[in-house]
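In: Next come a sequence and a model predicted from it.
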Amino acid sequence: MADSEKGAGERPVVVGVDATPSAQDAATWAAEVADARGAPLRLVLVGPDASVPGWLTALAATLSADADVVPGPGGPEAVADALLTRAGGAALLVVGSYGTGSSSGMLAGSAALRLAGASPCPLAVVRGPASDRTPPTAGPVVVGVDGTASGDDALDLAADLARDLAAPLLVVHVWSDVVAGAGGGAHRRPEDWSELAAQGEAVAAGARRRVLARVPGLDVDVRSVEGTALRTLMDLAESARMIVAAPRSASRAPRADDGVLLGSTSRGLVGFAPCPVVLAPVAVPAGTS
């Protein structure tokens, strides 16, 4: 059914599309999420004029979606700007990842990287392990948590996605006795190993309680792991249906780069994870854009 017939009152799932297989895989992935939550699906194409190409009409019909064409010059900046104007009223913004700008093994296209950390709604960067492989449709929803407010936002988003998709949820807290310092260096924490391990288990246990209070009966597993967040989540991504993360830790000062706020872990996941990556939105402080 079309947008006007489906999910009345629900915010839409908005997908940036073009004629590439990656973008159309992203649209198919988004259609499953939209259907699971009873939300309308809207396909958005930035093109040279307002005419709707035949492939977009066919894709919209196949996915029971509405389609919008935004006249514009194309290119990552125009695409990102057009999608951001529609993200404010969306439940989820979805893009493919093998677009313009992919290089050196980095899977996310330039438009996706510009959107990451800037979208006012959750952003999904969708892909499979390679450009000729579709995104996974099985495995757990994996989420990294750190006990911060932004980590809790990611946890809530992951729990909702797992519920909607009838998927198991794997919650991971990664800790280390070596942490980044304010000046970009690293320092060793004063606590002994057993105390750090106990703190990690407490964060994981708190995450379980939060999930089950939000979604009673959800199939949820929690782990507290010593290591680095990016490496741990990348390993889990090999068998995950998707990875959910916060764009950056709320405990760290934001850094602006053309209005994009993105931490090293989330940037690494967006660039290299072999499954869809969903980023929870983070409010952008005044003066950083």
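Out: Yep, it's here. Bear in mind the structure is a predicted one, so any value in this text is a computation, not a measurement.
In: quick one: the strands in the stretch 101-250 of the chain?
Out: According to DSSP state E, counting those that start in this stretch, the stretch 101-250 of the chain carries its strands in the segments 123-126, 141-145, 169-175, 178-180, 186-188, 220-226, 242-245.
In: for the nearest residue to Ala19 once chain neighbours are set aside, phi and psi?
Out: Using Cβ to Cβ, 6 or more residues apart in numbering and skipping residues adjacent in sequence, the residue nearest Ala19 is Trp55, 5.8 Å away. Quick note: C-beta positions are derived from backbone N, CA and C, even for glycine. Backbone geometry at Trp55, expressed as degrees, to the nearest 10, gives phi -60, psi -30.
In: Tell me, how many residues neighbour Trp55?
Out: Counted by other Cβ atoms under 10 Å, the residues lying close to Trp55 total 13.
In: any idea how far it is from Leu43?
Out: Counting by Cβ to Cβ, to the nearest Å, the gap between Trp55 and Leu43 amounts to 11 Å.
In: before we move on, what about Leu155?
Out: 30 Å.
In: show me what contacts Thr265?
Out: Thr265 is in contact with 144, 229-230, 233, 245, counting by Cβ atoms under 8 Å, 6 or more residues apart in numbering.
In: likewise Asp219?
Out: For Asp219, the contacting residues are 162, 168-169, by Cβ under 8 Å, 6+ apart.
In: Where do the helices of the stretch 51-200 of the chain begin and end?
Out: When assigned using DSSP state H, counting those that start in this stretch, the helices of the stretch 51-200 of the chain occupy the ranges 54-63, 75-87, 110-115, 149-165, 193-214.
In: Find the residue closest to Gln37 in space, skipping its chain neighbours.
Out: Careful, residue 37 is Arg and not Gln. Asp164 (4.7 Å).
In: Tell me if I am right that Arg267 is in a helix.
Out: Yes: counting by DSSP: H, G, I helix; E, B strand; the rest coil, Arg267 is part of a helix.
In: Would you check that my belief about it contacting Ala116 is correct?
Out: Yes: look at Arg267 against Ala116 with Cβ atoms under 8 Å: they come within range, at 7.2 Å.
In: Which of these two has more residues huddled nearby?
Out: Relative neighbour count places Ala116 above the other of Arg267 and Ala116, with 24 against 19, counting by other Cβ under 10 Å.
In: Ramachandran angles for the more buried one?
Out: For Ala116, the backbone dihedrals are phi -60, psi 120 (criterion: degrees, to the nearest 10).
In: Let's see the pLDDT reported for it.
Out: Confidence per residue is given as pLDDT, and for Ala116 that number is 81.
In: Check Thr134 too.
Out: What the model reports as pLDDT for Thr134 is 89.
In: Residue ranges of each domain in the protein, please.
Out: Here the domain parsing of the chain from automatic domain parsing is 3-126, 141-270.
In: Turn the ones you listed into JSON lines, including distance to Leu279.
Out: Supplementary listing: the domains of the chain in JSON lines, determined by distance: least, Cβ to Cβ, whole Å:
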{"stretch": "domain 3-126", "distance to Leu279": "5"}
{"stretch": "domain 141-270", "distance to Leu279": "5"}
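In: Check the gap between the closest residue to Arg127 other than its chain neighbours and Val203 for me.
Out: Nearest-residue entry for Arg127: Ser97, 4.0 Å, with adjacent residues in sequence omitted and distances by Cβ to Cβ, 6+ apart. For Ser97, the distance to Val203 under the criterion Cβ to Cβ works out to 30 Å.
In: cool, and Val220?
Out: Separation of Val220 from Val203 (Cβ to Cβ) stands at 15 Å.
In: And for Glu32?
Out: Look at Glu32 and Val203: by Cβ to Cβ, they are 31 Å apart.
In: Which one's more surrounded, the two?
Out: Legend: neighbour count by other Cβ under 10 Å for Glu32 and Val203, higher for Val203 (19 against 16).
In: Would you enumerate the residues in contact with that one?
Out: Residues in contact with Val203 (Cβ under 8 Å, 6+ apart) are 145-147, 173, 175, 224.
In: Closest to Leu93 out of the residues you listed?
Out: Closest approach between those and Leu93, by Cβ to Cβ: Val145, at 22.3 Å.
In: for this protein, which spans come out with low pLDDT?
Out: Filtered on pLDDT under 70, the chain yields the residue ranges 1-9, 98-109, 177-191, 248-262, 282-289.
In: looking at it, which residue lies furthest from center?
Out: Most distant from the centre of the chain: Asp192, at 34.4 Å, with distances by Cα atoms, centre = their mean.
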